[in-house]
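Novice: Quick check, what structure comes out for this input:
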Amino acid sequence: MAVTLEAPARTASGAGEPPEHRSRFARWRAAARLAARQVRRDWRTSALVALLVALPLAAASAAAVYADSQMPTAEEEAIVSVGGTETWLRIVGGADPSRQQYLDDPDWVEYDTTDDGSRVHDEGERPDSPEPFVPQDTELLTLTSTSVRAETAGGEAHLPAVIGDIGDHRLDGRLDVVSGTRPLGPNEAAVSPAALDRLGADVGDVLRLHDPDVTLTIAAVMREAQDADEVVRLFLPHNPALAAGLDASPAATTWFAAEWAPTADEVYDLNAEGVIAYVPALAADPGDGASPAFDTSSLSGLVFAGMTAAVMAFSAYLIILLAGAALAVSARRQQRQLAMAAGVGATRSDVFRIVLLQGTVLGLLGGIIGTGAGIGVGAWLVAATADGSSTHPWGLHIPWLALAAVAAFAVVVGTLAALAPARSASRQNVIGALRGARRPVALRTDRPKWGSLLILVGIALTLAGAGFVMWVTAEPWSQWTSLLIFAGMAGVIAGPLVLQVGVILAGHWLLTVLARLLSRVSLGARLAARDAAAAPSRVVPAFGAIAACAFAASVVLGLVGATGEQSARNWYYQAPVGSVGMWVSTYDYETFEVFPDAAEAEEEAMAALDATSPASVGVIRATLDVRSGGPGLQADAEVISPELQRYVSCADLADGDAGWDLCQSPLGAKLGEVAGSGARSQINVVAADELATVTGTAIPDAAMAGYADGAAIVTDEAWLSEADDELIINTWTYGQFERSDPDASPEPVAATALPGIAIDAGPMQMGREIFVAPDTAEELGLMATFQGAVAAYDDPPSQEVQDRLTEQLSSIALQFPDGTDSAGATLESGPEETATWLWLVLAGTAVLVVGASAVALGLSRVERRSDDATLAAVGGAPRLRRSVTFWQGLIITGSGCLTGAVTGILPVLGSVMISSRSGIDLSMADVPWFFLAVLGVGLPLALAAASWLVTPRRSDLSRRTAIS
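Specialist: Below you'll find the predicted structure:
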């Protein structure tokens, strides 16, 4: 019997939605659910990836919070700048119709200039006050910066002060009362918290000033909004005695308009009269009067933007490499689950989405964790670095938009990190994955070719960038020069990065070559190298991340070392290292006449130095550099100068020769100009028993005997003639250098020869290279004046002792007219040691390399569990597994560190090439090769040894994967 069955009629798709559209979103939802489930299931790998994303972004978020907290809001800037007034005014020059400020940056002023930089309009006379240029009924408050002599707890000192309307409440915000009551009368003053300690006083005590002699009552402790806690400042009222005794310069005065806010046109009118203005409303909304976002005349804005972009790109690079490696391992561990999904209808696109969305989810999770942690770290940094002022920081600012961008950046980076694992997972063999078979990785033959090409391109780009900068700096300066230099430097930096990309592209091929080379070393080396070659998706990213860290460290090490050595060579030593150098100038800078009370000042200065309990003191008298005198100097005044004997003549060099930076002209040599610096040396008169203290070295007995007999001692043999080691002292007249002909080469009116003795005194003190005894100076008729002294100590003086000496010398300097207050002392510590910074850079790099290698080795151990179980099953000893771990660590870290250290030398080489045309004597010999060797070789060996010490996990022999 036949039965006819009718098929049920198809029902229409609901809601009229196209099946394709419905299926697409349904597949994305399903992929998202499976991705979230896998993230929870493999929580260890997920935590690792999220942490790798979160750590650099936490640092970026903290930096964003800190940087934003150093930038004021319009309201904060207005309160600190003008308090409760409407605007401030300052005088910056005379009348110039072309002068114009930027409304949001009033100190940035521009005016018309010619091609040679001179003004188009002659500047008028500087006004004494802006009062003639403001409406007649405008009330102006004033604050003038100056300095006064006050009685302190330790005697007297010259202290900075502000004189003006300090008691007006409308300046609240600009001047804040910490304690006490705001000064109200001409006899009440205020002091900063640090000044209160310096004075040894309290609120209500008396403040005594001298020159002029004024006595005031301390009514309050006050701080200026921009002052840090340690700033010492006095706040003084309008007082007739102060006004008569102090020179209140208009250039140091700020006027505040209480109830007048000029418009933009009125501000420009003020600019034409020599007055600039800050108006909060205009600064907040400057319109066309806004300052440029980037100043093309300098590189500051471009450098900041470039550094920010470089840091973010470097972070993304590390995240993608390391997180990508972790996701690749996770994807391989999921291959059975992904194959089951494919077996029940999941397409390759579905599998791709499942793995890709895992990276997206973990990127989002890492971004949230990183930004949250960054806010906390940033807030701590803001509080920890606060200096007590209202401007550092301006307040805790949370840049929500920037943090949202950081979180979005994390999502993008996490997604990008999962691209390669997702692509690989979508191409797996479903049947083989269900059986647990592992497909060997095929070596792509085109990768080594592209890698080699990029290596060559990277080297060429570095050299081309350096050559381009050298060419640009040799050309006349223009408004585009800075941008061109920036472009050339970008090539110098980008070249090694391209080279590293080439090495990474050829990474799998390099690993296979390395596996063949190490196969004959030992069984552990053979197994480790073959494992690395069989898992390039895990090893190459780790190798690339380590190479990037080592590259950055190599660049920093090279530049810090080279610039540190260059700085040490050019260091201006004011005394031998460990000694105190004191200087006191007691003569008129225009006429070079010694002041009548110079002897009293010398006596006071030496007494102050003796009070520091030195072991020995050397007094220095020297000839004056009369050639630098002013119009007040007589034409027949003598100019005494030693003659430079051994030098490279500029006339013997071709144009563009690097030796131009260290050459000298014949006239410059006769005038005693030091080759390469333009500075002129002086003849120092020092007693024989004090010479060792001044030079900081023991003088040989033979040299001391010659010195006593009239010979000169020099610390640089360039001052002695090659024939008979004589020092030539030339005598000129000042009028010889007032000729209108710039090419004239006058001859000295007299020359004297002295026997010379060269000694090695270590680092040279500028201007203290030639010494003669007092009797010799008298015989030669040299006019030597007191210049200062050098004090040597068994133990360096404390900071308190140094401060007391500086305070006393500052008081001595006040005895002389303006412009001659040159007196002070400093403990010479020499240039900063670069070794400390080099070790810190190396330690920081070690932390990054340890982190990257720990990720790689940890993933390797996870992925090698089945291989370890097989190895243990066939009798592999624990020491063999340790050997495998050692060689794995050495292969990964060694390849990365060595590649990064070598490529990092390229930017240093480019910088040295560029410096050869800019007068900076950087040299590849100054590169710290020892530290680079530690970075490239020592660090990998140490990390490999550390990995060998870690006991391998006990293998589970019951869970070995069948090998197909």
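Novice: pLDDT on stretch 244-253, on average?
Specialist: In this model, stretch 244-253 has a mean pLDDT of 78.
Novice: hang on, I meant stretch 681-692
Specialist: 89.
Novice: can you check stretch 521-536 too?
Specialist: 79.
Novice: buried set for it?
Specialist: Neighbour counts over stretch 521-536 (16 or more other C-beta atoms under 10 Å) mark 524-536 as buried. (Glycine included, C-beta is placed from N, CA and C.)
Novice: just checking, Tyr734 touches Ala637?
Specialist: Yes: under the criterion of C-beta atoms under 8 Å, Tyr734 is in contact with Ala637, at a separation of 4.3 Å.
Novice: quick revisit: columns secondary structure and distance to Gln101 on top of the buried residues of stretch 521-536, output as JSON lines?
Specialist: Compiled in JSON lines, the buried residues of stretch 521-536 are given as follows (DSSP: H, G, I helix; E, B strand; the rest coil; distance: C-beta to C-beta, whole Å):
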{"residue": "Gly524", "secondary structure": "helix", "distance to Gln101": "72"}
{"residue": "Ala525", "secondary structure": "helix", "distance to Gln101": "70"}
{"residue": "Arg526", "secondary structure": "helix", "distance to Gln101": "73"}
{"residue": "Leu527", "secondary structure": "helix", "distance to Gln101": "72"}
{"residue": "Ala528", "secondary structure": "helix", "distance to Gln101": "67"}
{"residue": "Ala529", "secondary structure": "helix", "distance to Gln101": "68"}
{"residue": "Arg530", "secondary structure": "helix", "distance to Gln101": "71"}
{"residue": "Asp531", "secondary structure": "helix", "distance to Gln101": "67"}
{"residue": "Ala532", "secondary structure": "helix", "distance to Gln101": "63"}
{"residue": "Ala533", "secondary structure": "helix", "distance to Gln101": "66"}
{"residue": "Ala534", "secondary structure": "helix", "distance to Gln101": "68"}
{"residue": "Ala535", "secondary structure": "coil", "distance to Gln101": "64"}
{"residue": "Pro536", "secondary structure": "helix", "distance to Gln101": "60"}
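Novice: Check those residues and tell me the two furthest apart.
Specialist: Maximum pairwise distance among the buried residues of stretch 521-536 (C-beta to C-beta): 20.1 Å, between Gly524 and Pro536.
Novice: Please tell me how far the closest residue to Ala598 other than its chain neighbours sits from Thr806.
Specialist: Spatially, and ignoring its direct neighbours in sequence, Ala598 is nearest to Thr586 (3.5 Å; C-beta to C-beta, 6 or more residues apart in numbering). Counting by C-beta to C-beta, to the nearest Å, the gap from Thr586 to Thr806 is 18 Å.
Novice: Ok, Leu52 next?
Specialist: Distance of Leu52 to Thr806, given as C-beta to C-beta: 52 Å.
Novice: try Glu139
Specialist: For Glu139 relative to Thr806 (C-beta to C-beta), the value is 41 Å.
Novice: who has more neighbours, Leu52 and Thr806?
Specialist: Leu52 (28 against 17; other C-beta atoms under 10 Å).
Novice: wouldn't the more buried one be in contact with Leu321 here?
Specialist: No: Leu52 lies out of contact with Leu321 (C-beta under 8 Å); the separation is 9.5 Å.
Novice: residues near Leu518, how many?
Specialist: For Leu518, using other C-beta under 10 Å, the count is 20.
Novice: Let me see the mean pLDDT of the longest strand seen in the chain.
Specialist: Longest strand in the chain by number of residues, with DSSP state E as the criterion: strand 140-152. Here strand 140-152 scores 88 as its mean pLDDT.
Novice: other SSEs contacting the helix or strand following that strand?
Specialist: Next helix or strand after strand 140-152 toward the C-terminus (DSSP states H and E): strand 155-164. If you count contacts as 3 or more C-beta pairs under 8 Å, 6 or more residues apart in numbering; DSSP states H and E, strand 155-164 packs onto strand 140-152, helix 193-199, strand 234-236, helix 799-813.
Novice: quick one: what helix or strand has Gly844 in it?
Specialist: Using DSSP H and E, Gly844 falls in helix 834-863.
Novice: For the helices and strands packed on strand 155-164, state which one has the densest average packing.
Specialist: strand 234-236 (a mean of 27; mean count of other C-beta atoms under 10 Å).
Novice: ok, residues contacting it?
Specialist: Applying C-beta atoms under 8 Å, 6 or more residues apart in numbering, the external contacts of strand 234-236 come out as 148, 150, 159-163, 166, 175, 183, 189-192, 195, 207, 216, 222, 242.
Novice: next one: stretch 197-210
Specialist: 148-153, 156-157, 159, 179-180, 189, 191, 196, 214-221, 232, 234, 242.
Novice: if you set the cut-off to 7 Å instead, what comes out?
Specialist: Contacts with stretch 197-210, where a contact means C-beta atoms under 7 Å, 6 or more residues apart in numbering, come from 148-153, 156, 179-180, 189, 191, 215-218, 220-221, 232.
Novice: How about stretch 457-466?
Specialist: Applying C-beta under 7 Å, 6+ apart, the external contacts of stretch 457-466 come out as 488-489, 491-492, 494-496, 498-499, 502, 906-907, 910, 913-914.
Novice: Which two of those residues have the greatest separation?
Specialist: Gly502 and Ile914 (24.0 Å).
Novice: Check which helices and strands the helix or strand harbouring Glu600 sits against.
Specialist: Applying DSSP H and E as the criterion places Glu600 in helix 598-610. Helix 598-610 sits against strand 580-584, strand 784-792, helix 799-813, with contacts defined as 3 or more C-beta pairs under 7 Å, 6 or more residues apart in numbering; DSSP states H and E.
Novice: where along the stretch 51-200 of the chain do the strands fall?
Specialist: Assigned by DSSP state E, counting those that start in this stretch, the strands in the stretch 51-200 of the chain fall at 87-91, 100-102, 105-110, 140-152, 155-164, 175-180, 188-191.
Novice: Check the gap between the residue lying closest to Glu224 once chain neighbours are set aside and Val411 for me.
Specialist: Ranked by C-beta to C-beta, 6+ apart and with sequence neighbours excluded, the top spatial neighbour of Glu224 is Leu175, at 6.0 Å. Applying C-beta to C-beta, the value for Leu175 to Val411 is 48 Å.
Novice: Comparing the two, which shows the higher neighbour count?
Specialist: A direct count of neighbours by other C-beta under 10 Å for Leu175 and Val411 places Leu175 higher, at 24 against 20.
Novice: Mind checking the pLDDT average for stretch 415-426?
Specialist: 82.
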